[in-house]
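the sequence and its predicted three-dimensional model are supplied below.
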Amino acid sequence: MSAEIELTVRQASDDDLPHILELLESSLGWVPDEQYSAFYRWKHHQNPFGRSPAWVALDGQRIVGLRVWLRWRFRRRGRTWQAVRAVDTATHPDYQGRGIFRRLTTSSLEVLMAEGVSHVFNTPNEQSRPGYLKMGWEQVGKLPVGVRFRSPVAAASAVRARVPADKWSLPSEAGLPAEEVLADAGLLEDLLARLPDDRIRTDLDVEVLRWRYGFAPLHYRGLAEDGGVVLFRLRRRGPATEGVIGHLLAPDDDVARRLVARVAKVSKADQVLRITDAPFSRVGELPLPGGGPILTWRELSDSGMPELSEWDLTMGDVELF
């Protein structure tokens, strides 16, 4: 009997959490401290879209594999879709190459499909994307990104920084803490009501925004000016400091332009990025050469992959966190 068949797969329970964290430490480099434990609970237990369903692979009583799906909800023209994002897959180093990733994925997708989950989405990197494509994922396309460079010198530095960005944010005093910016529920509700509904976007409300940007160790910052709100963070990418705009909510394009320029000024980042197919050239925002992350999609209970032009996503929707 093969080592793959000897392993068992089941849905995770709350009692598994300490062992799941141990697996994430050994396989993904998580640190055994309260911040990482709090990060997992915030991300997978406190999500307003629902708790993340998770599956584990066991060798006897030992958890050696993990597959977690982050619940998400999309909307367009009044219709909503329950979706999941593929995140936080881990296999213990001693058990790699034994088919655990595939077994966890296929077993859990069957359950999610039966629940009526519409589709899976994610933005896998170059190493993991081929594995997803072999399991039925489709490549939607490369998300368009606008970039604003602080100076020609900063642009040259950013061009040299052909390395992955750090996962954790840099501490920053730019703007205000995100939770302070998100305190005005009335302003947020007004801005959310103005969002266009002709493309597929995250089904946002005040609760979702406060959760998404509310985990303090991620150091999200924000600005609330001219009747608009922008949420961002800073991170390292090689020698460059990079600002990432998660969500930009503005009553009109003039306010949006000013907020992009304001983020660049207060953050002093070498470059500021946001997902957009219409960069604001009036504030020096240009299309990022090569574009941004590649969006992938896997049908479950809903068929027919939407074209890239049908999506209205932000960095806050797709960045790894």
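That came through fine. Owing to the predicted nature of the structure, the values given are computational and were not obtained by experimental measurement.

now do the strands in the stretch 1-150 of the chain.
Assigned strands in the stretch 1-150 of the chain, in chain order: 8-11, 54-59, 62-76, 79-91, 119-122, 138-142, 145-149 (criterion: DSSP state E, counting those that start in this stretch).

mind showing which ranges of the protein have poor pLDDT?
1-5, 31-32, 158-161 (pLDDT under 70).

can you list the domain ranges for it.
3-142+295-306+309-318, 145-292 (automatic domain parsing).

next, the distance between the ends of the shortest one.
Using Cα to Cα, to the nearest Å, the span of domain 145-292 from its first residue to its last is 5 Å.

just how off-centre is that domain within its chain?
Averaging C-alpha positions (Cα atoms, centre = their mean, to the nearest Å) puts domain 145-292 14 Å from its chain's average.

number of nearby residues for R257?
Applying other Cβ atoms under 10 Å, we find 16 residues neighbouring R257. For every residue, glycine as well, the C-beta is placed using N, CA and C.

one more: the one 10 residues further on?
Each residue near S267 was counted by other Cβ under 10 Å, and the total is 26.

before we move on, what about K134?
When counting by other Cβ under 10 Å, one arrives at 9 neighbours for K134.

same check, this time on E115
Neighbours of E115 under the rule other Cβ under 10 Å: 12.

quickly note the distance from it to L308.
In this view, E115 and L308 are 27 Å apart by Cβ to Cβ, to the nearest Å.

likewise L286?
Using Cβ to Cβ, L286 is found at 20 Å from L308.

can you name the residues that contact the residue lying closest to P53 once chain neighbours are set aside?
Closest residue to P53 apart from its sequence neighbours, by Cβ to Cβ, 6 or more residues apart in numbering: W69 at 5.3 Å. With contacts defined as Cβ atoms under 8 Å, 6 or more residues apart in numbering, the neighbours of W69 are 52-54, 84-87, 108, 112, 120.

any quick PyMOL command for the buried ones out of the residues you listed?
Buried residues among the contacts of W69 (16 or more other Cβ atoms under 10 Å), as a PyMOL selection:
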select buried, resi 52+53+54+84+85+86+87+108+112+120
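
pipe the contacts of W69 into JSON lines and attach distance to I245 per row.
Shown next, in JSON lines, are the contacts of W69 (distance: Cβ to Cβ, whole Å):
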{"residue": "S52", "distance to I245": "25"}
{"residue": "P53", "distance to I245": "30"}
{"residue": "A54", "distance to I245": "30"}
{"residue": "V84", "distance to I245": "25"}
{"residue": "R85", "distance to I245": "20"}
{"residue": "A86", "distance to I245": "24"}
{"residue": "V87", "distance to I245": "21"}
{"residue": "S108", "distance to I245": "33"}
{"residue": "L112", "distance to I245": "31"}
{"residue": "V120", "distance to I245": "25"}
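
circling back to that earlier point, beta partners for the residue nearest to P53?
A86 (DSSP bridges).

residues near R67, how many?
Taking other Cβ under 10 Å as the criterion, the count of residues near R67 is 27.

that one against L104, yeah?
Yes. With contact defined as Cβ atoms under 8 Å, R67 and L104 form a contacting pair (3.6 Å).

I'd assumed L24 was in contact with H92.
No. Assessed by Cβ under 8 Å, H92 is found out of contact with L24, at 10.2 Å.
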